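J.: Sequence plus predicted model, see below.
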Amino acid sequence: MATRVGMEVSIAAAEAVKQANTDIIAAYPITPQTHIVEHLSELVNNGELDAEFIPVESEHSAMSVCAGSSAVGARTFTCTSSQGLALMSEIVYAVSSLRLPMLMILTNRSLNSPLSIWNDHSDVMSIRDCGWIQVFTESGQDVYDHVFIGFRVAEDRNVLNPFIINLDGFILTHVIEPIEILDQEIVDLYLPQYQPLHRLHPDRPVTIGCFGPPVLFTEAKKAQNEAMNNTMPHIIKAWQEFGDLTGRYYHPIETYKTEEAKIVIITQGSLGETASIAIDTMREKNEPVGLVKIRLWRPFPFMELREAVRGAELVVVMDRAISYGGPGGPLAGEIRSALYSEEGHPRVVNFIIGLGGRDVSPEDFIQMVQQAKMKVGDWYEIYGVRE
Amino acid sequence: MAKPENEITWKDLEVGFVVDEPGNAMVYRTGDWRSQRPVYSRERCIKCGTCYIYCPDMAIKILEDGYIEHDLYYCKGCGICVQECPTNAITMIEEEE
Amino acid sequence: MMIEIRFHGRGGQGAVTSAELLALAAIKEAKYAMAFPSFGPERRGAPVVAFCRISDERIRVRSVIQHPDIVLVLDPSILRLVDVCNGLKADGILVTNTRFSPDEIRKELGIHYRVATVDAAGIAKEELGVPITNTTMLGALLKAADLVDKESMQGPLKDRFGRLAERNIRAFERAYNETKILE
């Protein structure tokens, strides 16, 4: 069914793209995504993966190629980070509006300046509203599994939406850990061949990417928004079926020791695993603290979030990005807005942590919870800054 | 044929706003954009076909007998055919007339 | 029970590779392990740090190792440059490449930790022809701490080094035998 091997997470991700029988890979190298695309180019070169690897001259070209590739009905993959994402962002918006299914692995890395090759979420947050389905992963296995889930969901006739897998750069990409590599038969059972709804083909000409005058634009965006909201049940179904095949079940929100929790920490990405250790320590001292991990970022799981924090008096949101001059971090903003209309909603306190690769330890989480308890009202702070 | 723009609802739109009716821009009566129209003289025409080649809208048809005809549904009145005709077989007059 | 090891070396000496090989050996033994470098624009010669965690249970923590059980040093010049024992647990052990004895190292650094030493540079020069000590020091590491079976290291070494594997395995075995430990 599966083989347990020690492998660098980047390599595992590339192997998953191979096992998914991807057709087109167009990517430009950027730290810390390099091992993924380098390994993929090797796999294509030695014939292990029957695909076209298109070495484009920039990320902007990469996404252009992917748009065209998806438009003709090929299973399409790209991978980028930080400045590369910023460079291709122009087309990122177009691709989702055109409902072109494809998979992007985004190895989260800080946006300049100052120049940083280290991890935080400023890159993915900069395209929050782009219309792609977005998930956060927290371990190597998670990343590997989501390559199959991502293609399956993106290409689903009921979804037809591009998909982003976020993984923390370096913290996940460059780690060697045990990964269960699925047998090809299992992958093939789970991931069918892509059957596009519309594609560019001379036998049945269509126009993809036309003009949208004011009289039509609102209807177009309504259609897109409805489609995005309607992806949720299909994502959940895809996770359910993956779990039935492999025993690993994923959910829009994952909770850890939230039973009777009065204080809830909220994280996204690899911080979740580290935070869970802090939860254990605090629970041993009978502190009623729990952890909520947001896996599905878009479409946002409002119902599941409200359920997960029900009964809490204090919610401590961990952001790895900041909106200058705004209300703190983007995740906190969304949490506050999701809870605003709830009767007796908890206080929301926001810490901005781990910027540009700053290490966050279990002790840090414990510290932050203690600090949060002593603050009044809603508020945000950049944690650990040297004054 | 597509509905008039201001009657299209969001549910009418195809996934990804794909237009799957190839060539439906044909319904646009670009002839309405004219402020001058071409007038053609068979007597002066030498059937060289130059106007047909130069028309940017393919709004000139070559008839079976070799003479031409302007398609006024599409003709935008740009006057290039007048410019290029070697025998001045085409002239422009104001639309009003 | 989780063991945390911090590797100190210079860029290009294979500190990161050591951490990875150790993790791969542990994973082969059906344990859980995690190896990662202290990320940075690596350049040859600059001090670098790598980390490895080994546990019987799934490892959840992903922050850097602040309180290692073992500190492994590939290049003796680093001992005088970097406070390698920073955060080392009281009952931890320092395993280092050096021509000096454990006792001399202890005195020089003014520490009270357990110390293990081996002339890895010398062994590497003889067996590999170059003073690249990463595989050699793995031998010292396994002598100093029972992290994985010696035999479990063979597979990862062969996979990584191909036709150079034999020499690396010899260097590894020699270091294992020649490492001196001071409790």
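T.: Sure, I can see it. Residues are numbered from 1 along each chain as shown, chains lettered A, B, ... in the order given.
J.: From here on, just use CA atoms for contacts and neighbour counts.
T.: Noted.
J.: could I have stretch A:127-146 exported to CSV, CA atoms only?
T.: C-alpha atoms of stretch A:127-146 as CSV (Å, rounded to 0.1, in the frame of the first residue of the first chain):
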residue,chain,number,x,y,z
ILE,A,127,-2.6,36.9,-3.0
ARG,A,128,-5.3,36.2,-0.5
ASP,A,129,-8.1,37.4,-2.7
CYS,A,130,-6.8,35.8,-5.9
GLY,A,131,-9.6,33.2,-6.2
TRP,A,132,-7.5,30.1,-5.9
ILE,A,133,-8.3,27.3,-3.5
GLN,A,134,-5.6,27.6,-0.8
VAL,A,135,-4.6,25.1,1.9
PHE,A,136,-1.8,25.1,4.4
THR,A,137,0.2,22.0,5.2
GLU,A,138,2.2,21.3,8.3
SER,A,139,4.4,18.3,7.6
GLY,A,140,6.1,16.5,4.8
GLN,A,141,3.4,13.8,4.6
ASP,A,142,0.8,16.5,4.4
VAL,A,143,2.6,18.1,1.5
TYR,A,144,3.0,14.8,-0.4
ASP,A,145,-0.6,13.8,0.2
HIS,A,146,-1.9,17.2,-0.9
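J.: and it, does that touch chain B?
T.: No: interface with chain B: stretch A:127-146 contributes nothing (Cα under 8 Å from any Cα of the partner chain), its closest point being 11.9 Å away.
J.: Next one: that stretch, is it in contact with chain C?
T.: No: applying Cα under 8 Å from any Cα, one finds stretch A:127-146 separated from chain C by no less than 8.8 Å.
J.: So what touches that stretch?
T.: Defining contact as Cα atoms under 8 Å, 6 or more residues apart in numbering or on different chains, one finds that stretch A:127-146 is touched by A:9, A:12-13, A:16, A:89, A:92-93, A:96-97, A:161-168, A:172-173, A:177-180, A:228, A:268-273, A:294-299.
J.: give me that answer again for 6 Å
T.: Residues from elsewhere that reach stretch A:127-146 (Cα atoms under 6 Å, 6 or more residues apart in numbering or on different chains): A:9, A:12-13, A:16, A:93, A:96, A:162-167, A:179, A:269-270, A:295-298.
J.: now do stretch A:309-319
T.: Outside stretch A:309-319, the residues within contact range by Cα under 6 Å, 6+ apart are A:261-267, A:329, A:331-332, A:346-352.
J.: for stretch B:8-18, same thing?
T.: A:S97, A:L98, A:R99, A:T207, A:I208, A:E219, A:A223.
J.: now stretch C:100-117
T.: By Cα under 6 Å, 6+ apart, stretch C:100-117 touches C:I93, C:L94, C:V95, C:T96, C:N97, C:T179, C:K180, C:I181, C:L182, C:E183.
J.: starting at the chain centroid, how far to the one helix or strand A:S69 maps to?
T.: Using DSSP states H and E, A:S69 sits in helix A:59-71. Relative to the mean C-alpha coordinate of its chain, helix A:59-71 is positioned 20 Å out (Cα atoms, centre = their mean, to the nearest Å).
J.: avg pLDDT for the next helix-or-strand element following it?
T.: Downstream of helix A:59-71, the next assigned helix or strand under DSSP H and E is strand A:76-80. The pLDDT scores in strand A:76-80 average 97.
J.: Packing partners of the very next helix or strand once past strand A:76-80?
T.: Sequence order places helix A:82-97 as the next helix or strand after strand A:76-80, per DSSP H and E. Applying 3 or more Cα pairs under 6 Å, 6 or more residues apart in numbering or on different chains; DSSP states H and E, we find helix A:82-97 packed against helix A:59-71.
J.: now the helix it packs on against helix A:82-97, angle please.
T.: 30 degrees (axes from the mean of the first three to the mean of the last three Cα atoms, to 10 degrees).
J.: does helix A:59-71 come close to chain B?
T.: No: using Cα under 6 Å from any Cα of the partner chain, helix A:59-71 stays clear of chain B, coming no nearer than 10.6 Å.
J.: Strand partners (parallel or antiparallel) of the host helix or strand of A:V317?
T.: A:V317 is part of strand A:314-319, with elements assigned from DSSP H and E. Using DSSP bridges, strand A:314-319 pairs in its sheet with strand A:263-267 (parallel), strand A:347-352 (parallel).
J.: Any chance of the ones you listed in CSV with mean pLDDT and mean neighbour count as columns?
T.: Listed next are these as CSV, based on pLDDT from 0 to 100; neighbours: other Cα atoms under 10 Å in any protein chain shown:
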stretch, mean pLDDT, mean neighbour count
strand A:263-267, 97, 26
strand A:347-352, 95, 24
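J.: Give me the neighbour count for the nearest residue to A:K257 once chain neighbours are set aside.
T.: Nearest non-adjacent residue to A:K257, counting by Cα to Cα, 6 or more residues apart in numbering or on different chains: A:G290, 4.9 Å away. Neighbours of A:G290 under the rule other Cα atoms under 10 Å in any protein chain shown: 28.
J.: Over to A:L314?
T.: By other Cα under 10 Å, the residues close to A:L314 number 23.
J.: just to revisit the earlier point, which of the contacts of stretch B:8-18 are buried, as a PyMOL select command?
T.: Only the buried entries of the contacts of stretch B:8-18 go into this PyMOL selection, using 16 or more other Cα atoms under 10 Å in any protein chain shown:
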select buried, chain A and resi 97+98+99+208+219+223
